[in-house]
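In: structure of the sequence below:
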Amino acid sequence: MVKNRLMRRALEDSGCDALDDMLVQPTAVAFGYTDPTVPAKVCSKYAKDHPILVIKGGLLEKRRLPLDRVQALAKLPTARNC
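Out: Take a look at the predicted model:
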């Protein structure tokens, strides 16, 4: 869980404000350092069993990912399976 205000500030400091409109209501952020599919996979799997989790979208290399792209990432094989 992150404070939306602090997340906005961190994104602005990194030169990215692509998620500004997603930072409303309670927000959780998942990071993937070595494999960009892992956060999408973990969150998607959890959301199937816990409908309270709503995936709003994502960010990959400072580019906004709409929900359908996050879902597509979740279906890709992980780097270790390649």
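In: which one is the residue positioned nearest the centre of the chain nearest to, not counting chain neighbours?
Out: In the chain, the C-alpha nearest the mean C-alpha coordinate belongs to Gly58, at 3.6 Å (C-alpha atoms, centre = their mean). Leaving aside its sequence neighbours, Gly58 sits nearest to Leu65 (C-beta to C-beta, 6 or more residues apart in numbering; 3.8 Å). For glycine as for every other residue, the C-beta is placed from the backbone atoms N, C-alpha and C.
In: neighbours around that neighbour, how many?
Out: Residues near Leu65, counting by other C-beta atoms under 10 Å, number 19.
In: just for the chain, where's the confidence low?
Out: 79-82 (pLDDT under 70).
In: where along it do the helices fall?
Out: 4-13, 37-49, 67-75 (DSSP state H).
In: in the first one, what's buried?
Out: Right, the one you point to is helix 4-13. Buried positions in helix 4-13, judged by neighbour count with 16 or more other C-beta atoms under 10 Å: Met7, Leu11.
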